[in-house]
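S.K.: turn this into a model:
(chains A and B)
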Number of protein chains: 2
Amino acid sequence: MKIIDVEEHARFSQEDRQLSILHDSPSWRVLTFCFEPGQELPVHSHEADSEVMILVLSGEGSFTDGEKEYPAKPGSMLLSGVSEPHGVKAKTRMQVLVAIAPPI
Amino acid sequence: MKIIDVEEHARFSQEDRQLSILHDSPSWRVLTFCFEPGQELPVHSHEADSEVMILVLSGEGSFTDGEKEYPAKPGSMLLSGVSEPHGVKAKTRMQVLVAIAPPI
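M.R.: The predicted model follows:
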């Protein structure tokens, strides 16, 4: 059993979004992204059957499928096949939890 | 792409913890448990190779492996093989996110 304080993995930089891997196993990869206002995970997709979950932990921003934007605040969750276009953009300083199963 | 407001799935009952399934697929099962103070997910384990993640969204309580208790607050995460003993207990009204990959 591993106990993690996800907030303790929050690292912000004006340069770019910051990534911290929390867990990596055959089941999934769990990580956190921290964004300064305006920073983003641009819309992208991967050729794989895995699924991705993105959960906002703090701050506000938006999810996108490349066509529409969906407002995102703490508790907002995106669930998608990794092969479908998906992205995140921060309006305020924002931390999100990301899980990918199985890992790619 | 599916957008979920996890807070909207919060249901509490004095009778017992409340479970709401958010997503079920070959990759994983994602759900939320809501606890009134003192309610718990008793220590248990499953004979499977899957892994479980439990993330506190609101409220306070503790995680346990059946031997030791670990204080849990928003942002606290438990990661464990489902075959290892794991449990959660609420001190205040508490909502947690649970993901199991692959689903069992």
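
S.K.: can you list the residues of chain A near chain B?
M.R.: Remark: the part of chain A in contact with chain B comprises A:1-7, A:22-23, A:25, A:27-28, A:30, A:49-51, A:53, A:55, A:57, A:63, A:65, A:70, A:75-80, A:84, A:86, A:97, A:99, A:101-102, using C-beta under 8 Å from any C-beta of the partner chain. Yep, even glycine has a C-beta here, placed from its N, CA and C like the rest.

S.K.: ok, of those, which come out buried?
M.R.: For the residues of chain A next to chain B, a neighbour count by 16 or more other C-beta atoms under 10 Å in any protein chain shown gives the buried set as A:1, A:3-4, A:6, A:22-23, A:27-28, A:30, A:50-51, A:53, A:55, A:57, A:63, A:65, A:75-80, A:86, A:97, A:99, A:101-102.

S.K.: what about the residues you listed, which are in strands?
M.R.: Of those, the ones assigned to strands by DSSP state E are A:3-4, A:22-23, A:30, A:51, A:53, A:55, A:57, A:63, A:76-80, A:86, A:97, A:99, A:101.

S.K.: how far does stretch A:16-32 stretch from one end to the other?
M.R.: Using C-alpha to C-alpha, to the nearest Å, the end-to-end distance of stretch A:16-32 comes to 14 Å.

S.K.: actually, stretch A:7-14.
M.R.: End to end - C-alpha to C-alpha - stretch A:7-14 spans 18 Å.

S.K.: got it, and stretch A:6-24?
M.R.: This stretch, stretch A:6-24, spans 15 Å end to end (C-alpha to C-alpha).

S.K.: in it, what's buried?
M.R.: A:6, A:9-10, A:17-18, A:22-23.

S.K.: now stretch A:30-45
M.R.: A:30-36, A:39-41, A:45.

S.K.: how far is that stretch from where the chain is centred?
M.R.: Chain-centre distance of stretch A:30-45: 6 Å, with C-alpha atoms, centre = their mean, to the nearest Å.

S.K.: quick one: average pLDDT of that stretch?
M.R.: For stretch A:30-45, mean pLDDT rounds to 98.

S.K.: list just the nearest of the buried residues of stretch A:6-24 to residue B:91.
M.R.: Using C-beta to C-beta, residue A:6 comes nearest to residue B:91 of these, at 19.3 Å.

S.K.: contacts only, for the closest one.
M.R.: For residue A:6, the contact set (C-beta atoms under 8 Å, 6 or more residues apart in numbering or on different chains) comprises A:22, A:32, A:57, A:95, A:97, B:55, B:75-77.

S.K.: now do residue A:35
M.R.: By C-beta under 8 Å, 6+ apart, the residues touching residue A:35 are A:12, A:17, A:41, A:59, A:61, A:88-90, A:93-96.

S.K.: now, of these, which are buried?
M.R.: Those of the contacts of residue A:35 that meet the buried threshold are A:17, A:41, A:59, A:61, A:88-90, A:93-96, by 16+ other C-beta under 10 Å.

S.K.: where does the closest residue to residue A:24 other than its chain neighbours land on pLDDT?
M.R.: Excluding the flanking residues, the one nearest residue A:24 by C-beta to C-beta, 6 or more residues apart in numbering or on different chains is residue A:103, at 6.4 Å. Predicted confidence (pLDDT) for residue A:103: 95.

S.K.: same question, residue A:84
M.R.: At residue A:84, the model reports a pLDDT of 97.
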